[in-house]
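In: Next one to model:
(2 chains)
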Number of protein chains: 2
Amino acid sequence: MANVKATIPKGTRDFNPTQMGRRNYIFDTIKKVFKKYGYQEIQTPTMENLDTLTGKYGDEGDQLIFKILNSGDYLAKLGTNLTELKSQNLTPKISEKALRYDLTVPFARYVVQHQNEITLPFKRYQIQPVWRADRPQRGRYREFYQCDADVVGTDSLLNEAEFICIYDEVLTHLGLQDFTIKINNRKILTGIAEILGKPDLIIDLTVAIDKLDKIGFDGVTTELLNKGFSANDIDKLEPIILLNGNNETKLENLKAILNSSAAGLQGIEEIYTILNYLTSFELQNAKAELDLSLARGLNYYTGCIFEVKTNQATMGSIGGGGRYDNLTGMFGLHGLTGVGISFGADRIYDVLEELNLFPANAEQSTQILICALGKAEEIYGLSILNLLRKQNIATELYPFGAKIKKQMQYANDKQIAYTLIIGSQEMETGKFTLKNMETGEQQQLTIDEVLSKI
Amino acid sequence: MANVKATIPKGTRDFNPTQMGRRNYIFDTIKKVFKKYGYQEIQTPTMENLDTLTGKYGDEGDQLIFKILNSGDYLAKLGTNLTELKSQNLTPKISEKALRYDLTVPFARYVVQHQNEITLPFKRYQIQPVWRADRPQRGRYREFYQCDADVVGTDSLLNEAEFICIYDEVLTHLGLQDFTIKINNRKILTGIAEILGKPDLIIDLTVAIDKLDKIGFDGVTTELLNKGFSANDIDKLEPIILLNGNNETKLENLKAILNSSAAGLQGIEEIYTILNYLTSFELQNAKAELDLSLARGLNYYTGCIFEVKTNQATMGSIGGGGRYDNLTGMFGLHGLTGVGISFGADRIYDVLEELNLFPANAEQSTQILICALGKAEEIYGLSILNLLRKQNIATELYPFGAKIKKQMQYANDKQIAYTLIIGSQEMETGKFTLKNMETGEQQQLTIDEVLSKI
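Out: Model (predicted):
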């Protein structure tokens, strides 16, 4: 067999034990909070039917879906002259399945497929990888995890308020002290399009505003002018989306501006309700802030939208979400409203690393390495190994044959907390050298003393 | 957008909250024991380069690998006349990546790729899904999880003995009381081929013996005769692989039979060593049993091999593994020996379900549902919700607007332990009806009393 180079596809990653410990620390924190708020885990298959996914993410998104080649002799089944075929025409003929692109469409599919088994409101969380054939770059991968919580079958804005609490609790627990949960409402954006007299251009408006962070107001202006807005519209728009002040002030000003738009006023009312719910809870570190420039690109959002940013690191949003009134409509189940949020685990990882916020014990390595200095010591060591493991202490015995220096190096590299050395003297006296690998401190202890120390 | 039917590809599964709770219970149990024995988690990408996977699983295995279609205009890049092409020739031209087929080859690839970062012996565990384009049938899926632990860089048979302890500890913890860990050694099988005078046919011999369970000794005989063994060979083979008695007796008999084969005697010696190590530990429920008919199909095994069966349910093996001397050789790194085991999580799930061994709390649902009878009660309820969550009690408040009957139904369906009802009287007196949803028992309690009860 010819040697194959040991590499992985670009945009994908291996995770070593240290990275896994840290990733699990993030995932476990998120899961714990999701559960505390009544969300339960589901998982969906990595592969979905291709037609479940296509047409849900726009043309650009469709290009980024990884398709799976049909098994067997897929060309024989085709029976067509291929010379004239284009890739985009061939693909649906030789590929019936694809890798999921996000967790939202599979969730909608799940709800419809299992509608007779689930009780509404259905609160689910899902933490699984997704795949996108994006151009890989720093911080953007072709395989990455999404951490989503969604509830369908309830229009109560209490859910929106609780999602803000969930963000607050997770990020506070992870050690972040300064972060903002930006809130807006699609109905407010609809209201703005209405008072500009361009209600039909609502999608163009949100798509353009969504880019404000990246291209600035000048860029947004250019895009809107291209899409059919007038210079006069832009003049009206600018003071609205750049409104200043606290939430109260913004809402009061906005109420006056949008007072001819029923949708706009409804959106304002919803923000009031959510902020009012929040007074019953006590946010720890999060600031909930109305941001009228927040639009979010996904067009299935219909109500409240969120985005989370930390002020402690230079990083895009580390979470986002919103309410959608007809997500399951794409699978034929109409009239089900839902709201959901997502955590950007990879970005949160980078932020915690930059701020040095990972706890030292995130990796959870072995606690004690037993270092036996000979064959008889190995056999003696096995009984100690057995005893420590029975106490649920993660313990290893270094296999016979290695010099003590190598064994110590192993303990160091693996960040094992203690080594326990067994030589002939130790076997005679029943006292062993327990070395704290971090401080270097050594003590002569009996096994009972070791047990009470660990 | 046309409605798409909400279905998933055949051979794949959705997991609902109950199933997830139970699956996590199994995975968490396995992880805990792996860690206790010094194994650390890694993860590898879902997609590997196609040439990393092909040629490792035999021709039959290669057919079962799910290939990913290249992105973009893959036909344009091809520039060939396709009419004459066969699928198997086209595939490598339009597909560079594939879904991993197992965790062993990705692990070998990982070790070679990261050889300068890892310290030997390297003990890793990995719990991730794998994909095989197999014909779906009862108990066989196209996406399923493998739970593997492997150590490379040590030839100590202590590792083999510890794997038997790991099986014992995991399966005992999961509630199984009667299971057998079958052990054999490829060197013993080599010895048998040698004394038959057919050392070159060792692979045919192991492949045939591996099917003993499925096709019986007559079937094995037919296959061996076809592969070049004589009737005389079969007569010699039968009493060996069907040897009876306890481990001691079998080993003694075998020693006499194989005394002209150095490899065979080496294999026997290794089994002795492992059984001897086991006397230092105390197996709880596992029986370690030498089974000379155990062969295991995978040809990279070179030493000890394992297979686990429970006697409490009709089910194939629920785990297996073995030692391989040159797994990383396929990626150009030679001379690294390793040994590993795998748990069959899906089969273990089915066994635990059949034997009713899942703990009632595996799902970990919400503990308390607050049922508010009106709008004022909802606001009042929020402060209680806040208070209970601050105590880390998983609590929900049913959103305003539903009848109490519907709220109770929700609590029932979700297996929520308690409901706490808030009406106007409760708000006045500060005493609330706490209902145990399992027993139906109701008590009037203050919030402090509720807290001390939960």
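
In: So what's the residue count around the closest residue to chain B within the stretch 351-454 of chain A?
Out: Per Cβ to the nearest Cβ, the residue of the stretch 351-454 of chain A with the smallest distance to chain B is A:Pro399, at 3.2 Å. Every C-beta, even on glycine, is put in place using the N, C-alpha and C of the backbone. By other Cβ atoms under 10 Å in any protein chain shown, the residues close to A:Pro399 number 19.

In: for A:Gly329, same thing?
Out: So A:Gly329, with other Cβ under 10 Å, has 17 neighbours.

In: In three-state terms, label it for me.
Out: Following DSSP: H, G, I helix; E, B strand; the rest coil, we place A:Gly329 in the helix state.

In: Could you check how far it is from A:Thr119?
Out: 21 Å (Cβ to Cβ, to the nearest Å).

In: So in that sheet, which strands flank the strand or helix carrying A:Ala98, and in what orientation?
Out: In this structure, A:Ala98 is located in strand A:97-99 according to DSSP states H and E. Paired with strand A:97-99 in the same sheet, following DSSP bridges, are strand A:47-49 (antiparallel), strand A:67-68 (antiparallel).

In: looking at those strands, which is buried most?
Out: The highest mean neighbour count among the strands paired with strand A:97-99, using mean count of other Cβ atoms under 10 Å in any protein chain shown, belongs to strand A:67-68: a mean of 24.

In: Can you show me the CA trace of the helix or strand just after that one as CSV?
Out: Beyond strand A:67-68 on the C-terminal side, the first helix or strand identified by DSSP H and E is helix A:74-78. Only the C-alpha atoms of helix A:74-78 are listed here, as CSV (Å, rounded to 0.1, in the frame of the first residue of the first chain):
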residue,chain,number,x,y,z
TYR,A,74,-24.6,6.2,-10.0
LEU,A,75,-23.7,6.8,-13.7
ALA,A,76,-25.4,3.6,-14.9
LYS,A,77,-28.6,4.6,-13.2
LEU,A,78,-28.3,7.9,-15.0
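
In: Contacts for helix A:74-78, please.
Out: For helix A:74-78, contacts defined as Cβ atoms under 8 Å, 6 or more residues apart in numbering or on different chains pick out A:70, A:82, A:93-94, B:85-87, B:90.

In: Show me the two of those residues that sit farthest apart.
Out: Farthest pair in these (Cβ to Cβ) is A:Lys93 and B:Lys86. Separation: 16.0 Å.

In: Show me what counts as buried in the helix or strand bottoming out on mean pLDDT in chain A.
Out: Ranked by mean pLDDT, DSSP states H and E, the weakest helix or strand in chain A is helix A:74-78, scoring a mean of 78. Going by neighbour count (16 or more other Cβ atoms under 10 Å in any protein chain shown), the buried part of helix A:74-78 is A:74-75.

In: and that helix, how far from the chain's centre?
Out: Remark: helix A:74-78 is offset 39 Å from the chain centroid, using Cα atoms, centre = their mean, to the nearest Å.

In: Apart from its chain neighbours, what residue comes closest to whichever residue of the stretch 51-200 of chain A sits closest to chain B?
Out: Proximity of the stretch 51-200 of chain A to chain B (Cβ to the nearest Cβ) peaks at A:Ser156, 3.2 Å away. Closest residue in space to A:Ser156, ignoring its immediate chain neighbours: B:Pro399 at 3.2 Å, by Cβ to Cβ, 6 or more residues apart in numbering or on different chains.

In: on that earlier part again, so what touches the strand holding A:Ala98?
Out: Strand A:97-99 has contacts (Cβ under 8 Å, 6+ apart) with A:46-50, A:53-54, A:65-68, A:130-131, B:9, B:46, B:68.

In: switch to 7 Å and redo it
Out: Applying Cβ atoms under 7 Å, 6 or more residues apart in numbering or on different chains, the external contacts of strand A:97-99 come out as A:46-50, A:53, A:65-68, A:131, B:9.

In: Show the average pLDDT along the host helix or strand of A:Asn24.
Out: Using DSSP H and E, A:Asn24 sits in helix A:17-36. Helix A:17-36 carries an average pLDDT of 96.

In: Restricting to C-alpha, output it in PDB.
Out: Backbone C-alpha positions of helix A:17-36 (Å, rounded to 0.1, in the frame of the first residue of the first chain) are rendered in PDB as follows:
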ATOM      1  CA  PRO A  17      -7.100  16.600  24.500                       C
ATOM      2  CA  THR A  18      -6.400  20.200  25.800                       C
ATOM      3  CA  GLN A  19      -8.700  21.700  23.100                       C
ATOM      4  CA  MET A  20     -11.400  19.000  23.800                       C
ATOM      5  CA  GLY A  21     -11.300  19.800  27.500                       C
ATOM      6  CA  ARG A  22     -11.800  23.400  26.800                       C
ATOM      7  CA  ARG A  23     -14.500  22.800  24.200                       C
ATOM      8  CA  ASN A  24     -16.400  20.500  26.500                       C
ATOM      9  CA  TYR A  25     -16.100  23.100  29.200                       C
ATOM     10  CA  ILE A  26     -18.000  25.500  26.900                       C
ATOM     11  CA  PHE A  27     -20.500  23.000  25.700                       C
ATOM     12  CA  ASP A  28     -21.200  21.700  29.200                       C
ATOM     13  CA  THR A  29     -21.800  25.200  30.500                       C
ATOM     14  CA  ILE A  30     -24.200  26.000  27.700                       C
ATOM     15  CA  LYS A  31     -26.000  22.600  28.200                       C
ATOM     16  CA  LYS A  32     -26.400  23.100  31.900                       C
ATOM     17  CA  VAL A  33     -28.100  26.500  31.400                       C
ATOM     18  CA  PHE A  34     -30.300  25.300  28.600                       C
ATOM     19  CA  LYS A  35     -31.500  22.400  30.800                       C
ATOM     20  CA  LYS A  36     -32.100  24.800  33.700                       C
END
